[in-house]
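S.K.: need a 3D model of the following:
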Amino acid sequence: MKKFIAAAAIVSIAASTITTPAQAASYKVVKGKLVDAKTGKVVKKTTVFKKKLYQKGVLAKGTVLYKGTLYVKGSIPKGYTLYKKTLYSKGKKHHGVNTYKKKLYVDGIEKEKNALFVHDEKLHQGEPLFQGMKLYEGFLYSNGYRYTGVYNQHYYHEGKDIYDGSLNDSMVTVRYTDDQSAIVRVSGIPGNIKETSAQTVISTQGSPATWKFEKGAGQLGDLVFTFTGIQSNGSFNVTISSLFYGEGRGALNFNNKTFSFKSLLQLKSNADFNQLLNDVEKLKQVDADQGKWFVAESDALTERASRYESLFGDNGSTAQSNAALYYAAHQLNNDFKALKKKYDGKYFK
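M.R.: Below is the predicted model of the structure:
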């Protein structure tokens, strides 16, 4: 054990006395001149030694920018220095917003005194932050900071306009889970709604219903309404008056925007909708019958797909003529397209 400790001590001492090549080539100052510590010769190349700049062995004269650092008479200046119209601080190009000798500098470069500009994601007018609301280069700022909240019936997130405050048919779909139940989805709404606030005003009529917000991948998500006990000959609707986002973020107001829907049994009276509904149900069973129905119906399905798209697609004519039918059939048509594409690839490679 003693031998082991002694050996370790020897290794430690030896390691501490090893001289690296960099140390071997170090310098020293003799009579004001920088010399090579080993040879004693004056160092001719430009060299930094102990934070001082030497040129041809003597302290550099005047103001010199060397490898990104500014030196004045060989030393790094302690305060601000203006060199070739660029402002330096402690030898480095200044980062930030600063007034020096009554002139404005941004990251070392002079700007007009009251210039409007963005620095580190903050909006300035001159050195101070801009006060008030300002849309600038695609971002909305509030007192200099990127704004999150409601402004002029738009919703902004970190300065970006993510929602124009409108509610329209293209945002709404309905999926009937059975003859008496449906799920209504209003897509593309900003999250963080204060659901229990008196300033969030949402109502439903025509059948028992609940609602919630489901977050999407980004800052937007869906308002999801679940209806049960729908009467076979009745209708139901959603009315959205106001969505409140908390103090300081404001409310979006919709003037009692109402979306109305019919029961599934009423919609089945429409031949195109009923055929689409049946096609989707059949497509869901394709694997069970090993594709026999799909292969036999392929040409007819392709023809019907074109008709469904013209009626219920993104620019379908039903959206204007029969909104209640469009809400239900549009989502169903999307399901149809996805299923058909899947089995086209499987059975007609």
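S.K.: ok, and what's touching stretch 45-61?
M.R.: For stretch 45-61, contacts defined as CB atoms under 8 Å, 6 or more residues apart in numbering pick out 27, 29, 32-35, 42-44, 64, 66-67, 69, 71, 73-76. Glycine gets a C-beta too; all of them are placed from N, C-alpha and C.
S.K.: which among those count as buried?
M.R.: Buried members of those, scored by 16 or more other CB atoms under 10 Å, are Y27, L34, V35, V43, V64, T69, Y71, G74, I76.
S.K.: name the helix or strand for the third one, please.
M.R.: Element membership of V35 [criterion: DSSP states H and E] is strand 33-36.
S.K.: so what are the sheet partners of whatever helix or strand comes next after that strand and their directions?
M.R.: Of the helices and strands lying after strand 33-36 in sequence (DSSP H and E), the nearest is strand 47-49. Strand 47-49 pairs in its sheet with strand 52-55 (antiparallel), by DSSP bridges.
S.K.: surely F139 touches Y151?
M.R.: No: the pair F139 / Y151 is not scored as a contact, 12.0 Å apart, by CB atoms under 8 Å.
S.K.: and S181, what pLDDT?
M.R.: Looking at S181, its pLDDT is 97.
S.K.: for it, list each beta-bridge partner.
M.R.: Counting by DSSP bridges, the residues bridging with S181 are D178.
S.K.: for L332, see how far away S232 is.
M.R.: From S232 across to L332, the span is 19 Å (CB to CB, to the nearest Å).
S.K.: so between the two, which is more surrounded?
M.R.: Counted by other CB atoms under 10 Å, S232 and L332 do not tie: L332 has more neighbours, with 22 against 10.
S.K.: what's the spacing between the more buried one and K50?
M.R.: Counting by CB to CB, the gap from L332 to K50 is 79 Å.
S.K.: and stretch 188-206, what's its mean pLDDT?
M.R.: Across stretch 188-206, pLDDT averages out at 95.
S.K.: and that stretch, what's buried?
M.R.: Buried residues in stretch 188-206, defined by neighbour count with 16+ other CB under 10 Å: G188, I189, P190, G191, N192, I193, T200, V201, I202, T204, G206.
S.K.: show me those residues that map onto strands.
M.R.: Using DSSP state E, the members of the buried residues of stretch 188-206 that fall within strands are G188, I189, P190, V201, I202, T204.
S.K.: over to L332: give its phi and psi.
M.R.: Backbone torsions for L332, taken as degrees, to the nearest 10, come to phi -60, psi -40.
S.K.: may I see the buried residues of stretch 188-206 organised as CSV, with distance to T258 added?
M.R.: Listed next are the buried residues of stretch 188-206 as CSV, based on distance: CB to CB, whole Å:
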residue, distance to T258
G188, 18
I189, 16
P190, 21
G191, 23
N192, 24
I193, 19
T200, 16
V201, 12
I202, 11
T204, 10
G206, 11
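S.K.: between those residues, which is nearest G91?
M.R.: Nearest to G91 among these, counting by CB to CB, is N192 at 46.4 Å.
S.K.: only alpha carbons, please: show stretch 97-114 as PDB.
M.R.: What follows is stretch 97-114, C-alpha atoms only, in PDB (Å, rounded to 0.1, in the frame of the first residue of the first chain):
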ATOM      1  CA  VAL A  97     -28.500  49.900 -28.100                       C
ATOM      2  CA  ASN A  98     -26.500  52.900 -26.800                       C
ATOM      3  CA  THR A  99     -26.100  56.600 -27.200                       C
ATOM      4  CA  TYR A 100     -22.500  57.700 -27.400                       C
ATOM      5  CA  LYS A 101     -21.500  61.400 -27.800                       C
ATOM      6  CA  LYS A 102     -25.200  62.200 -28.600                       C
ATOM      7  CA  LYS A 103     -25.300  59.700 -31.400                       C
ATOM      8  CA  LEU A 104     -27.300  56.400 -31.500                       C
ATOM      9  CA  TYR A 105     -25.500  53.100 -32.100                       C
ATOM     10  CA  VAL A 106     -27.100  49.700 -32.600                       C
ATOM     11  CA  ASP A 107     -24.600  46.800 -32.300                       C
ATOM     12  CA  GLY A 108     -21.800  49.300 -32.900                       C
ATOM     13  CA  ILE A 109     -23.300  50.900 -36.100                       C
ATOM     14  CA  GLU A 110     -24.700  54.400 -36.000                       C
ATOM     15  CA  LYS A 111     -28.400  55.000 -36.700                       C
ATOM     16  CA  GLU A 112     -30.500  58.100 -36.900                       C
ATOM     17  CA  LYS A 113     -31.400  59.400 -33.500                       C
ATOM     18  CA  ASN A 114     -35.200  58.500 -33.700                       C
END
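S.K.: sweet, I'm off.
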